[in-house]
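Peer 1: Have a look; sequence and predicted model below, questions after that.
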Amino acid sequence: MRIIFLGTPEYSAKHLQVLLDEGFNVVAVVTQPDKPKGRGLKVLPSPVKLLALQRGIPVFEKLKDVPFDQIKPDIGIVVAYGALIKKHYLDILPMGFYNVHPSLLPKYRGAAPINRAIENGEKVTGVTIFKLTEQLDAGPIALQEKLQIGEYETFGELQERLIELGCKLLVEFLKNIDHVKLIPQDDKLATYAPKINPEDLLVDFSKQTVKVKDKIRAYDPNPGVKANLNGQLVKLFKVTSVKENGQGDPGRIIRIDELGAHVKTSDGVVVISDVQFPSKKRMRFLDAMNGRLVKVGDIFQ
């Protein structure tokens, strides 16, 4: 079986690495063009491109540049590629294209399924492998497995577990592909996980404690939620606990200790361990207080 792999970020590269380690025949890779990254905006290749070059696999930046008649792939595997695939290409491979998607489709179709599941307080998510069709994330399901979400689990932590599950399912799928039975999705049950925009990253302490907790952990460690503190937009990370009582206006810091900043919400208190001020590194709230960057009584606007 000859595989063409489409993917771009580190998330994708870990799936490609597993395919190579398991001995699958990856004949080509398609990834997004090199982009400026970091403070110096140095143009760097994607993690998928780096891995492919290390392993001597031909790399292409556009599907139209792939010599399909020469490399003759049987199947396409797509993991966080970063672009839609046109119908012309969906029909060009004998076995079609299959996508590894980190949600229990048809729930959370779209660009940010992990973030949105956490933000919405879901208790369960998972990974779905499905055959690509023209409609976004709507193709028939080949394989799916559930995963529990921890009460305080962050985006970064959950993503790592979903990568592990996705890699396992991908190998299982390819090894048993002759016996796979495709199950159509029920479009009536579909929900969507739209791309993250700047407004999504603003935390509102006038909301319920559980909503504040889920908002913070949904974007931890990156890109990180923000709140206005003393005229500065600071990032907040790592909710350690929540409490049902507490005095003060929503957004007010009523205590700072080893656990973090105890911040009043509409119906309780959320305890936040870490903060990042502009142009500074992420630090504990206790260290920020000792450095006179924040104090009890300050209020998030």
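Peer 2: Yep, that arrived. Quick caveat: nothing in here was measured; it's all calculated off a predicted structure. Numbering: from 1, shown residues only.
Peer 1: Verify the stated contact: residue 216 with residue 239.
Peer 2: Yes - Residue 216 lies in contact with residue 239 (C-beta atoms under 8 Å); the separation is 5.3 Å. Where C-beta positions appear, they are placed from N, C-alpha and C, glycine not excepted.
Peer 1: list the residues that contact both of the two?
Peer 2: Counting by C-beta atoms under 8 Å, 6 or more residues apart in numbering, the residues touching both residue 216 and residue 239 are 270, 272.
Peer 1: The stretch 201-301 of the chain: helices as residue ranges?
Peer 2: 209-218, 285-290 (DSSP state H, counting those that start in this stretch).
Peer 1: buried stuff in the longest one?
Peer 2: What it means is helix 209-218. Residues 209, 211-218 are the ones in helix 209-218 that count as buried (16 or more other C-beta atoms under 10 Å).
Peer 1: Tell me how many other residues surround residue 35.
Peer 2: Residue 35 has 12 neighbours, counted by other C-beta atoms under 10 Å.
Peer 1: and it, bridged to which residues?
Peer 2: In this entry, residue 35 is beta-bridged to residue 44, by DSSP bridges.
Peer 1: For it, which residues are in contact?
Peer 2: Applying C-beta under 8 Å, 6+ apart to residue 35 gives the contacts 43-44, 46.
Peer 1: And residue 279, by the same measure?
Peer 2: If a contact means C-beta under 8 Å, 6+ apart, then residue 279 has no contacts.
Peer 1: Need the pLDDT of it.
Peer 2: pLDDT recorded at residue 279 is 94.
Peer 1: how much space between it and residue 293?
Peer 2: Here residue 279 is placed at a distance of 12 Å from residue 293 (C-beta to C-beta, to the nearest Å).
Peer 1: cool, residue 107 as well?
Peer 2: 40 Å.
Peer 1: which of these two has more neighbours?
Peer 2: residue 107 (21 against 18).
Peer 1: Where does the more buried one sit: helix, strand or coil?
Peer 2: Secondary structure, DSSP: H, G, I helix; E, B strand; the rest coil: residue 107 is coil.
Peer 1: Once you drop chain neighbours, what's closest to it?
Peer 2: Leaving aside its sequence neighbours, residue 107 sits nearest to residue 191 (C-beta to C-beta, 6 or more residues apart in numbering; 4.9 Å).
Peer 1: Hmm, that neighbour is touching residue 108, no?
Peer 2: Yes - with contact defined as C-beta under 8 Å, residue 191 counts as touching residue 108 (5.9 Å).
Peer 1: Give me the more crowded residue out of those two.
Peer 2: A count of neighbours by other C-beta under 10 Å puts residue 108 above the other of residue 191 and residue 108, at 26 against 15.
Peer 1: Burial check on the closest residue to that one other than its chain neighbours, number of neighbours?
Peer 2: Closest residue in space to residue 108, ignoring its immediate chain neighbours: residue 193 at 4.2 Å, by C-beta to C-beta, 6+ apart. Applying other C-beta under 10 Å, we find 22 residues neighbouring residue 193.
Peer 1: what sits against residue 193?
Peer 2: Counted by C-beta under 8 Å, 6+ apart, residue 193 has contacts 103, 108-113, 115-117.
Peer 1: what does residue 115 give?
Peer 2: Here residue 115 is in contact with 155, 193, 196, 218-219 (C-beta under 8 Å, 6+ apart).
Peer 1: redo that, cut-off 10 Å
Peer 2: If you count contacts by C-beta atoms under 10 Å, 6 or more residues apart in numbering, residue 115 has them with 108, 155, 158-159, 193-196, 200, 215, 217-219, 223.
Peer 1: Next: residue 278.
Peer 2: Counted by C-beta under 10 Å, 6+ apart, residue 278 has contacts 232-235.
Peer 1: buried set for stretch 70-80?
Peer 2: In stretch 70-80, the ones that count as buried by 16+ other C-beta under 10 Å are 73, 75-80.
Peer 1: ok, how many other residues are close to the closest residue to residue 247 other than its chain neighbours?
Peer 2: Leaving aside its sequence neighbours, residue 247 sits nearest to residue 254 (C-beta to C-beta, 6+ apart; 6.8 Å). Using other C-beta under 10 Å, the number of residues around residue 254 comes to 15.
Peer 1: now the helices for the stretch 51-200 of the chain?
Peer 2: 68-71, 87-90, 113-119, 155-175.
Peer 1: Good, we can wrap up now.
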